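Colleague: here is a sequence with its predicted model. Questions after.
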Amino acid sequence: MSESPLSEVPGSPPVVAAAKTAGKRAKKVTAYKDESSELSSEEDVKPASKKAKTNSGKAQTKAKAPAKKPKVAKDSEEAVDEVTEESAKPAAKKAAPKKRVPKVDPFSEEALGSHPCRCGPPASLGHNASKESKYHTSQGPTHRIGAHTSASGGIENALVNASQLGGRALALFLKNQRKWESSPLDEDGVKKFRKLMLERDMGGLDYSADYILPHGSYLINLGNPDASKRETSYKCFLDDLKRCEQLGIHLYNWHPGSTVGACTKEEALKNVAASINRAHKETEFVIPVIENMAGAGNILGATWEDLATIIEHVENKDRVGVCIDTCHMFAAGYDIRTRETYEESISSFDRIVGLKYLKGMHINDSQGGGFNCKKDRHDNIGLGEIGMAAFRFVVQDPRLANIPLILETPTFEETEVWRREMEILYELQEVDGTEEEVEAKLKEMTESWREELKAMREKSGKGPKPKPAKNESAPKAKGKKAPAAKRRRGKKASESEEEEEE
Ligand SMILES: [Zn+2]
Ligand SMILES: [Zn+2]
């Protein structure tokens with residue numbers, strides 16, 4: 001295998017590829033999408049190889065000698081600057097992607113030495129080995145923050161993109177998440193992916209299998225009482241799980257499904273568990289991780305009890321897990337805005353489900369219409385109904401260390417948004433002091449992030465208008481599309497629970 005797989009990536013470097021894909025989609029969708037999370041094409045797909053051993057556990061074992069300057073971080077920042085700079089000029093919109101991002105070979109010394117303790121994220125993310133912090137060990141920050149990155153152009157690009165953003169964890173789609181049938185993974189892509197998961201000394205980007213949390217197809221409904229429809233879902237589910245095993249990934253996150261209004265919740269939850277049991281027999285190690293849902297309509301999984309009921313009916317409890325989405329939990333009636341409500345929500349999860357099942361989280365703010373609104377609409381960190389304080393509780397909570405914490409926030413095509421949100425989350429770890437001091441700091445961070453995001457949107461010339469601060473009134477959309485249509489499309493573009501009602 002070549003020393004430098006990135007150079008084989010067709011066309012342009014992956015960040016640009018992702019931006020291009022997103023750009024295409026941006027014409028069809030509006031605001032609040034699962035940005036860059038689409039495996040846009042399956043053109044280069046071929047039969048896949050057999051699964052092999054994973055590199056789990058190895059990632060943490062290295063305590064390498066400090067490396068040199070975080071060159072890659074600088075390069076990447078420049079790259080992003082260039083992108084936004086260019087897109088700010090309408091005339092330059094179609095600028096050739098080639099010159100936007102400097103080529104960085106992910107195996108080069110400059111890429112691999114991106115952080116003094118070699119834990120992954122560039123020093124620009126505000127944490128480094130020499131820093132005095134209880135949230136930073138010799139292996140890097142205690143909390144594994146990442147984003148749902150694009151696998152456009154090749155499954156391995158998800159890892160490259162994650163690395164270029166400085167993510168210490170990632171999510172990705174394993175295939176087109178809105179289609180029942182997809183071609184198998186490309187064998188060459190699988191090889192590259194597995195190599196990139198390895199530790200840096202072994203030529204990889206150091207993403208242990210435990211910090212990769214792929215997101216399953218949106219179509220899957222294992223709760224459906226209709227046996228033949230459920231079978232179709234099961235095949236899609238099993239195919240996803242097998243893709244994980246091919247890639248050496250341990251975890252697989254998906255939405256449990258819905259009753260479609262045709263059976264009791266109990267029956268649907270048992271159907272989900274039965275599918276997990278069946279899948280365990282047809283796979284070797286991957287752990288299905290059930291996502292909590294916002295709870296609209298007949299959707300399963302919005303309560304801790306739903307999740308517990310599924311697990312109760314799973315035979316091999318070593319191979320089942322849960323992923324908590326902060327936006328969904330808030331929309332489902334689990335408050336996290338104050339220290340007290342946060343503690344109550346997490347401890348009720350522990351009592352009812354068990355924290356040992358928590359394998360990952362989705363870190364999103366909510367713009368669904370307030371607490372307990374049952375709506376699944378993600379917002380940027382600190383700028384939605386949940387607010388900054390809750391995310392400080394999350395990243396300071398030792399119970400949530402060492403699991404993937406994945407951003408699925410709106411980005412209007414600019415993955416720089418995620419890099420900044422990661423920085424903000426790491427910054428939140430260090431926020432301490434009296435109640436008043438903390439409150440003042442959070443307020444300051446929120447306002448400056450709101451302004452920064454607004455400027456980023458304006459500069460990019462893309463994406464929706466930013467929401468006004470909470471006490472301003474929302475300006476009426478003028479001269480735009482009908483609000484209903486707009487809302488529908490925005491909804492469709494983000495995780496949509498309704499879609500599962502198929
Ligand atoms: Zn999800
Ligand atoms: Zn969601």
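Modeller: Happy to help now that I have it. Ligands and ions are numbered 1, 2, ... in the order given.
Colleague: what is the least confident helix or strand in this structure?
Modeller: When the helices and strands of the chain are scored by mean pLDDT, DSSP states H and E, helix 71-88 comes last with a mean of 30.
Colleague: poorly predicted segments of the stretch 51-200 of the chain, please.
Modeller: Applying pLDDT under 70 to the stretch 51-200 of the chain flags residues 51-132, 138-139.
Colleague: residue in it nearest to ligand 2?
Modeller: Closest residue of the stretch 51-200 of the chain to ligand 2, CB to the ion: His148 (10.8 Å). The C-beta positions use only the backbone N, C-alpha and C, and glycine is treated the same way.
Colleague: surely that residue meets Leu172?
Modeller: Yes. Contact between His148 and Leu172 holds when scored by CB atoms under 8 Å: they sit 6.7 Å apart.
Colleague: number of nearby residues for Lys441?
Modeller: By other CB atoms under 10 Å, the residues close to Lys441 number 18.
Colleague: which one is it nearest to, not counting chain neighbours?
Modeller: Val431 (5.2 Å; CB to CB, 6 or more residues apart in numbering).
Colleague: so how far is ligand 2 from that neighbour?
Modeller: Using CB to the ion, to the nearest Å, Val431 is found at 26 Å from ligand 2.
Colleague: where are the low-confidence patches of the chain?
Modeller: Within the chain, the segments meeting pLDDT under 70 span 1-132, 138-139, 463-502.
Colleague: quick one, strands of it?
Modeller: Secondary structure of the chain by DSSP state E: the strands cover 136-137, 140-141, 144-148, 169-171, 251-254, 287-291, 321-325, 358-363, 365-366, 378-379, 404-407.
Colleague: let me have these in a markdown table, extended by mean neighbour count.
Modeller: A markdown table is the format used below for those (neighbours: other CB atoms under 10 Å):
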| stretch | mean neighbour count |
| --- | --- |
| strand 136-137 | 18 |
| strand 140-141 | 24 |
| strand 144-148 | 28 |
| strand 169-171 | 26 |
| strand 251-254 | 25 |
| strand 287-291 | 25 |
| strand 321-325 | 26 |
| strand 358-363 | 25 |
| strand 365-366 | 26 |
| strand 378-379 | 24 |
| strand 404-407 | 28 |
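Colleague: in TSV: these, plus distance to ligand 1.
Modeller: Shown next, in TSV, are the strands of the chain (distance: least, CB to the ion, whole Å):
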stretch	distance to ligand 1
strand 136-137	29
strand 140-141	24
strand 144-148	9
strand 169-171	9
strand 251-254	7
strand 287-291	5
strand 321-325	6
strand 358-363	6
strand 365-366	14
strand 378-379	10
strand 404-407	9
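Colleague: which one, of those strands, ends up nearest to Met197?
Modeller: strand 169-171 (10.5 Å; CB to CB).
Colleague: what residues does the stretch 151-300 of the chain put near ligand 2?
Modeller: For the stretch 151-300 of the chain, the contact set with ligand 2 under CB under 5 Å from the ion is empty.
Colleague: and the residue of the stretch 151-300 of the chain closest to ligand 2?
Modeller: Ala294 (6.5 Å).
Colleague: contacts only, for that residue.
Modeller: Listed by CB atoms under 8 Å, 6 or more residues apart in numbering, the contact partners of Ala294 are 302, 327-328, 331-332, 368, 373-376, 497.
Colleague: near ligand 2, which of these show up?
Modeller: Answer for these near ligand 2 (CB under 5 Å from the ion): Asp376.
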